[in-house]
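Trainee: Quick one: sequence plus predicted model below, questions after.
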Amino acid sequence: MSSTRSPARPVGRPAGRPGVRPGTSRTAGARPASPAAAAGGGGSGATRVPQPGLFADVRAALSQSLGAVALGVVVCVALVALGWAGEPQAGTGWVDTLRVGALAWLLAHAGRLEVHGEVAASTSPADPLVPVVGVVSLPVLGLVLLAGLLAAQVGRRLAERTWPLPSLLLVGLVAAVHGGAAWLLATTAGLADADPVPAACALGAAAVSGAGALVGAADVHGPAVVDSLPRVVRSQLQRVLPGAAVALTVWLTAGALLVTTGLVLDVSQAVDVTGRLAPGPLGGAVLVVLQVLLLPLLVVWGAALLAGPGVVLGEGRIDLQGSTVTDAPALPLLAALPDAGAAPLWAWGGPLVLVLAGGLAAWHAHRHTSSTGATVADRVADAVAVAALAGTGALLLALVARGSFGPWGPLGADPLAVSACVTGGVLLGGLAVGAALHLLSGRPLLRRRAGRP
């Protein structure tokens with residue numbers, strides 16, 4: 001057989017790169033000429049994406065962002081309409097339904113409302129209605145997560161059109177569109193007893209949608225960006241990021257177990273509050289959906305209670321010492337709150353959950369990385385990095401889970417205190433388990449100098 005290369009080389013296959021087809025993922029640093037070439041060069045039957053350009057990308061960002069806003073508003077309006085269907089005592093028309101749905105969308109994007117009216121004073125059926133004058137910014141974390149996921153899908157689709165840096169510009173445009181839509185809704189969707197705060201609503205919508213779109217874009221370009229980092233940095237990120245995720249997961253799981261236990265013990269009180277609200281069949285279904293969407297909020301509050309700082313409910317407080325809360329908003333889920341009085345002695349074991357979380361994070365890093373040659377300095381650096389990331393995540397969660405509810409004032413935990421407790425507990429557990437793993441590997445914690453016995 002002749003070794004002479006055949007002149008009929010397949011079209012589109014680069015010389016010297018056998019087996020590499022256009023349109024496949026790049027390897028060994030090879031990069032396609034454009035996202036369109038990467039998506040559309042896989043053969044005559046492949047769908048070819050138009051060449052990306054500034055005008056096309058901006059137009060796509062505007063259209064998809066407006067579509068996400070419209071979809072979210074429609075879903076919120078549908079929930080409100082279902083809740084009011086068959087309830088003639090509500091006395092509302094379609095205009096009020098649209099306005100309340102728009103207000104729900106604003107609250108789903110961390111908006112703020114100035115309210116004045118009457119609501120139930122507490123979960124006790126004997127208490128009368130009291131006037132409400134204040135600010136409502138109760139974060140329905142389930143709605144916030146859904147709004148963020150919707151924005152993440154938009155960010156992912158936009159990121160697939162272009163490279164990382166232009167993707168950041170499109171993420172900013174997504175946030176700007178949501179902020180502008182929130183401003184418009186806040187200025188037109190006010191009710192007789194609830195007026196949105198336009199500036200706060202615009203900032204909240206921009207923050208929620210921008211964060212969601214950034215997560216979606218990072219899902220597309222994140223691996224390539226990480227691969228471009230120096231090997232030492234990339235190796236440490238691969239160790240500490242999963243460890244921080246493990247620590248936060250353990251902490252939040254413990255908070256969820258605490259809330260579930262409280263609900264099971266006080267389920268009769270939740271039933272009494274639901275009966276007092278008398279939502280009706282369809283309204284009851286919507287109320288169940290609302291309680292499910294509020295569950296993440298209580299999970300964060302339960303985790304903050306285990307961490308130590310506790311949560312504030314108006315003039316009362318719930319922490320490791322006990323509860324001083326006597327009045328709470330008439331929400332069935334709040335039946336999970338402990339009764340006023342001193343806490344049991346076992347409550348002081350709550351911070352040990354953070355130590356356990358840090359220890360599991362260190363064990364996870366040891367099992368899933370080649371740490372046989374890790375020094376004491378390496379383990380300490382990993383423990384500090386995991387604790388810092390977990391504390392940052394706890395800070396963000398506590399910030400999102402703060403709010404206010406009319407006359408009861410502030411609701412939630414102190415973000416800085418929660419972050420400090422989580423950082424300290426995870427660091428303590430990580431250092432303890434890291435030291436134990438180091439000793440079990442047969443290596444001393446401290447190196448002896450040469451010549452010393």
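Mentor: Here it is on my side, so go on. Residues are numbered from 1 along each chain as shown.
Trainee: my guess is residue 408 contacts residue 312, does it?
Mentor: No - between residue 408 and residue 312 there is no contact under C-beta atoms under 8 Å: 9.8 Å. From N, CA and C alone the C-beta is placed, and that goes for glycine too.
Trainee: intersection of neighbour lists for the two?
Mentor: Here residue 408 and residue 312 have no joint contacts, going by C-beta atoms under 8 Å, 6 or more residues apart in numbering.
Trainee: dump the residue contacts of the spatially most central residue of the chain.
Mentor: In the chain, the centroid-proximal residue (C-alpha atoms, centre = their mean) is residue 145; its distance is 5.9 Å. Residue 145 sits next to residue 296 when contact means C-beta under 8 Å, 6+ apart.
Trainee: and if we set it to 10 Å?
Mentor: Shown in contact with residue 145 (C-beta atoms under 10 Å, 6 or more residues apart in numbering): 108, 208, 212, 293, 296, 400.
Trainee: same check, this time on residue 433
Mentor: Counting by C-beta under 10 Å, 6+ apart, residue 433 has contacts 355-356, 358-366, 379, 383.
Trainee: quick one: low-confidence ranges for the stretch 301-450 of the chain?
Mentor: 328-330, 368-374, 406-407, 441-450 (pLDDT under 70).
Trainee: For it, which segments are assigned as strands?
Mentor: All strands of the stretch 301-450 of the chain, identified by DSSP state E, counting those that start in this stretch, fall at 311-313, 316-319, 322-323, 341-342, 403-404, 410-412.
Trainee: Next, the buried residues of the helix or strand where residue 60 lies.
Mentor: Using DSSP states H and E, residue 60 falls within helix 54-84. By neighbour count with 16 or more other C-beta atoms under 10 Å, helix 54-84 contains the buried residues 57, 60-61, 64-65, 68-69, 72-73, 75-77, 79-81, 83-84.
Trainee: Tell me what angle whichever helix or strand comes after that helix forms with helix 54-84.
Mentor: Counting by DSSP H and E, the element after helix 54-84 in chain order, helix or strand, is helix 94-108. Counting by axes from the mean of the first three to the mean of the last three C-alpha atoms, to 10 degrees, helix 94-108 lies at 120 degrees to helix 54-84.
Trainee: that older thread, quick one: list the elements packing against the helix holding residue 60.
Mentor: The helices and strands touching helix 54-84, judged by 3 or more C-beta pairs under 10 Å, 6 or more residues apart in numbering; DSSP states H and E, are helix 94-108, helix 141-159, helix 164-188, helix 198-227, helix 280-307.
Trainee: right, and those - which one's nearest residue 247?
Mentor: helix 280-307 (11.5 Å; C-beta to C-beta).
Trainee: List the buried residues in the closest one.
Mentor: 280, 283, 286-287, 290-291, 293-307.
Trainee: For it, what is the distance to the chain centroid?
Mentor: 16 Å (C-alpha atoms, centre = their mean, to the nearest Å).
Trainee: Same question for stretch 104-118.
Mentor: Centre to centre, stretch against its chain (C-alpha atoms, centre = their mean), the figure for stretch 104-118 is 20 Å.
Trainee: Just the buried residues of that stretch, please?
Mentor: Here stretch 104-118 shows 104-115 as buried, counting by 16+ other C-beta under 10 Å.
Trainee: That'll do, ta.
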